[in-house]
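# heads up, no residue letters with this:
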């Protein structure tokens, strides 16, 4: 439910109303629209009675969709998430780049330096790798986290890496700047609840066959726990097509931006599965309103331990960044 307050409502009245609603068992989030305070309210059936008793309430509106905190009605303005000296969701496009998996100190530090030189604002790299086959490389695990920390120290780039379970949550909260939840864990609700109890930014990837509403409901799990620092990621969905690894749903970006205030980034590497598709898909994603890109970059894709065919080399990443600048400018964004 939304409660629109009358123009000129005093701050003391707003705070008193919020306290009354919270005592009544509600979750309350405040925003503004057209100069008026707006309260987003989730919870108790007594909320309507409380609102009716207050003269400062101009009108109430029901939010029929099951996701509430992620809904644009609850927050009309786009969410901008600050991570160290970088932002995701603002005028500047967030570029997250790096290898699929951390393989060695030399590898991750070298790639980190190169993607930073090209203009990337974040370093991605998998320490824990969920793989379809139990015989595939599973990542360096905690050692991989240590190597990412070294790369961050060398470059200053905030690190983004995937969490697999609640068992390593303490290490991730301590060491990682953005915790990634992979497609396989998008509906791991116990993990999402635990992430909701932290304040660490969460990058939530869309599941293989998840609808947009299901993605937003997973974000709601994190936000309902008190952590509103959620970034959504479109990384392609499974369809009948086999030429590409997945089918990149570009229509999801404007749809989500209409439905929700949360920032949306696109992972063209996992969507395509082919390195030569990364550039056109990246440009298309920026053109339809994505807030950022997550791109796999590897210095030696032919010998990468994970996802080499979809990784681009640093020199091609540099060319891509140059090409994205003009599109971003046209969309009134910056790289």
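Everything's here; your move. From a predicted model like this one, the values you see are computed outputs, not experimental measurements.

# list the contacts of residue 102.
108, 125, 126, 127, 139, 140, 144, 147, 148 (CB atoms under 8 Å, 6 or more residues apart in numbering). Just so you know, the C-beta spots here come from the backbone N, C-alpha and C atoms, and that holds for glycine as well.

# how about the nearest residue to it, chain neighbours excluded?
Leaving out its chain neighbours, the residue that sits closest to residue 102 by CB to CB, 6 or more residues apart in numbering is residue 144, at 4.0 Å.

# hang on, the earlier thing: out of the contacts of residue 102, which one has the weakest pLDDT?
By pLDDT, residue 139 ranks lowest within these, coming in at 81.

# in a helix, it, correct?
No. Residue 139 is assigned coil when assessed by DSSP: H, G, I helix; E, B strand; the rest coil, not a helix.

# which residue ranges form the helices in this structure?
Using DSSP state H, the helices of the chain run over 11-23, 47-52, 105-118, 142-155, 169-175, 189-196, 212-224, 252-259, 268-272, 275-287, 314-330.

# closest to residue 69 out of these?
helix 212-224 (4.1 Å; CB to CB).

# what's that closest one packed up against?
helix 189-196, strand 202-205, strand 230-234, helix 252-259 (3 or more CB pairs under 8 Å, 6 or more residues apart in numbering; DSSP states H and E).

# export the ones you listed to TSV and tack on distance to residue 12?
Converted to TSV, the helices and strands packed on helix 212-224 look like this (distance: least, CB to CB, whole Å):
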stretch	distance to residue 12
helix 189-196	31
strand 202-205	35
strand 230-234	32
helix 252-259	34
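
# save these as CSV, and put in mean pLDDT, distance to residue 220 and mean neighbour count too.
Listed next are the helices and strands packed on helix 212-224 as CSV, based on pLDDT from 0 to 100; distance: least, CB to CB, whole Å; neighbours: other CB atoms under 10 Å:
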stretch, mean pLDDT, distance to residue 220, mean neighbour count
helix 189-196, 97, 9, 18
strand 202-205, 98, 10, 26
strand 230-234, 98, 9, 26
helix 252-259, 97, 12, 18
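
# could you tell me the least trusted of the helices of the chain?
The bottom spot among the helices of the chain, by mean pLDDT, belongs to helix 47-52, with a mean of 86.

# any idea how far residue 300 lies from residue 308?
Distance of residue 300 to residue 308, given as CB to CB, to the nearest Å: 8 Å.

# those two: who's more crowded?
Between residue 300 and residue 308, residue 308 has the larger neighbour count (other CB atoms under 10 Å), namely 16 against 13.

# residues touching that one, list them.
With CB under 8 Å, 6+ apart, residue 308 has these contacts: 298, 301, 302.

# just the buried ones from those?
Buried subset of the contacts of residue 308 (neighbour count, 16 or more other CB atoms under 10 Å): 298, 301.

# between the contacts of residue 308, which is closest to residue 119?
For those, the nearest to residue 119 is residue 298 (17.7 Å; CB to CB).

# quick check: the closest one touching residue 313?
Yes. The pair formed by residue 298 and residue 313 meets the contact definition of CB atoms under 8 Å, at 7.1 Å.

# excluding covalently adjacent residues, which one is nearest to the residue positioned nearest the centre of the chain?
For the chain, the residue nearest the mean C-alpha position is residue 231 (1.8 Å; CA atoms, centre = their mean). With sequence-adjacent residues excluded and distances taken as CB to CB, 6+ apart, residue 231 is closest to residue 203, at 4.6 Å.

# residue 67 is nearest to which of the helices of the chain?
helix 212-224 (4.3 Å).

# what's the angle between that closest one and helix 189-196?
Using axes from the mean of the first three to the mean of the last three CA atoms, to 10 degrees, one finds that helix 212-224 and helix 189-196 are set 50 degrees apart in direction.
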